[in-house]
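Peer 1: fold the following for me, if possible:
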Amino acid sequence: MSFELVFLPTDALILVLIAFGIVGAWHIRRRPHLVLPWRRVAGSRTGMVSLLVLGPFLLVGLLDSVHYRQALPEQNHGGTVYSPEVLSAFDALAGDLRTRTEKTYSAPLAAHLYAKESIETPEGKVTREHPRLTFGGAHLTDPDRQLVRDVAKRGLFGALGGLAVGLLMYFAVASTMRTRGAGADKGLMRVFLARQRGFLWGLLRAGVSRSLFIATLTLAVCIGTLVALAPAYHVFGTDKVGQDVLFLSLKSIRTGLVIGTVTTLVMLPIAMLLGVAAGYLRGWVDDVIQYIYTVLGSIPDVLLIAAAVLMMQVAIEMHADWFPTSAARADARLLALCVILGATRWTELCRLLRGEALKLRELEFIQAAQAFGISSLRIMMRHIVPNVMHIVLISVVMAFSDLVLAEAVLSYIGVGVDPATISFGNMINAARLEMGREPVVWWPLAAAFAFMLTLVLAANLFADAVRDAFDPRLNRTEAS
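Peer 2: The predicted structure is shown next:
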């Protein structure tokens, strides 16, 4: 084979999360009382638009989690030898973005390096000028006159192409919804097919669909513009070693998603087991569990995480033979960081579940189960846990953004992910030293901030929509 699939530990955990999501969706679909809150989410403009924005982030993260090693040219000794460099499906799709490396810094959409260098002219004189980039704007013969026009032309064509793709995508989704009998989009399709007032006007009058329509086109225009400009320019410039900042920002998405999701696999079992047990069993079990999370809550998180990360880092360096590639070693540190964060951040959810379990154990259906002699374990699994899942879901969704920001903070102070791992925190840490120079190199920090802000803001807005939909104070009856 020309390549060999590589399964990193975090890749396997991501597959486990996807499997859980599929099983959970199948379980929810068969129970109308569980479908109703998600219908509330689907009817929320904020929730659906934020989910639409999260879609490209999730897609990039999944593509970046499919790893492989390319086969090297055959040697005389026979057999297939694979490269030690571990790539991903996203690297293959990104193409030249990964390999187009300049000498050093270049500003966004520039054709020259950011700093002047001594250049010898054909006449033998030495002058101080900004050298041309090897890849950015290399097709231009006179950048001073052609750059602005070429960027505007490519950006316009990319925006129009993205707009066309966005319209086709929305049209396809609306057609599918019409086929399945969706009311609002069914009306949209009638407007479109009958050509009564024009397709665009019909879409803009469709309630929630109007917000989705505008968000879809806006997102498609932005992506189309980036796709059109990226092959010819460094859209967000380059960093100190000449790497494309747009590529680094996109590669950082997977790290943020892994921190925000894989940590959940560690945190949830601990919080649910101890929280439900403390609330239902009470007595000395409750006292012990309260003592444990009170002690953990009294220790500053940063100090506890930093100490654990440093010990883990020493263990990895002392056993370098455990990891066949540098990617495996970096992934081991990323996984260890997820475990450490999960082991230190379960206390808040545990406290919430304990309080809810204390309330549920006094209700009539729990007392009836006790009167029938049902075991405590069965009562907790069949009656307590299903009735606290709304709290678990809300807490998990709202904790995602906190975990993404935690990685950035920890990597900024040097106790986060491996320095070889591309992440928002490492990008910010590398860019902070350049903010004090003259002229200021601002674009690596701005790009990391923009991508992280978009991811965290969309996650927070979606969390708000989920929280409102699962709020027990809301009317649970189906809206007409």
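
Peer 1: sec struct for E85, please.
Peer 2: Put simply, E85 is coil when judged by DSSP: H, G, I helix; E, B strand; the rest coil.

Peer 1: what are the buried residues along the helix or strand hosting V392?
Peer 2: Taking DSSP states H and E as the criterion, V392 maps to helix 385-412. By 16 or more other CB atoms under 10 Å, the buried positions in helix 385-412 come out as 385, 388, 390-408, 410-412. Just so you know, the C-beta spots here come from the backbone N, C-alpha and C atoms, and that holds for glycine as well.

Peer 1: contacts only, for the nearest residue to V35 once chain neighbours are set aside.
Peer 2: Leaving aside its chain neighbours, V35 sits nearest to I28 (6.1 Å; criterion: CB to CB, 6 or more residues apart in numbering). Residues in contact with I28 (CB atoms under 8 Å, 6 or more residues apart in numbering) are 34-35, 38.

Peer 1: out of these, which comes closest to L52?
Peer 2: Nearest to L52 among the contacts of I28: W38, at 15.8 Å, using CB to CB.

Peer 1: just the C-alphas of the host helix or strand of S50, formatted as PDB.
Peer 2: Using DSSP H and E, S50 sits in helix 45-63. Taking Å, rounded to 0.1, in the frame of the first residue of the first chain, the C-alpha atoms of helix 45-63 are listed here in PDB:
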ATOM      1  CA  ARG A  45     -32.600  30.700  15.600                       C
ATOM      2  CA  THR A  46     -29.600  31.100  17.900                       C
ATOM      3  CA  GLY A  47     -29.200  27.400  18.400                       C
ATOM      4  CA  MET A  48     -29.400  26.400  14.700                       C
ATOM      5  CA  VAL A  49     -27.200  29.300  13.500                       C
ATOM      6  CA  SER A  50     -24.500  28.400  16.100                       C
ATOM      7  CA  LEU A  51     -24.700  24.800  15.200                       C
ATOM      8  CA  LEU A  52     -24.300  25.700  11.500                       C
ATOM      9  CA  VAL A  53     -21.100  27.700  12.400                       C
ATOM     10  CA  LEU A  54     -19.800  24.700  14.500                       C
ATOM     11  CA  GLY A  55     -20.300  22.400  11.500                       C
ATOM     12  CA  PRO A  56     -17.100  23.400   9.600                       C
ATOM     13  CA  PHE A  57     -15.100  23.200  12.800                       C
ATOM     14  CA  LEU A  58     -16.300  19.700  13.500                       C
ATOM     15  CA  LEU A  59     -15.600  18.700   9.900                       C
ATOM     16  CA  VAL A  60     -12.100  20.000  10.000                       C
ATOM     17  CA  GLY A  61     -11.500  18.300  13.400                       C
ATOM     18  CA  LEU A  62     -12.800  14.900  12.100                       C
ATOM     19  CA  LEU A  63     -10.700  15.100   8.900                       C
END
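
Peer 1: average pLDDT across that helix?
Peer 2: Averaging pLDDT along helix 45-63 yields 91.

Peer 1: which elements pack onto that helix?
Peer 2: helix 32-42, helix 89-94, helix 208-229, helix 245-281, helix 443-469 (3 or more CB pairs under 8 Å, 6 or more residues apart in numbering; DSSP states H and E).

Peer 1: any idea which of those helices is most buried?
Peer 2: Ranked by mean neighbour count, these are led by helix 245-281 with a mean of 23 (mean count of other CB atoms under 10 Å).

Peer 1: tell me the helix or strand right after that one.
Peer 2: Taking DSSP H and E, what comes next after helix 245-281 is helix 283-298.
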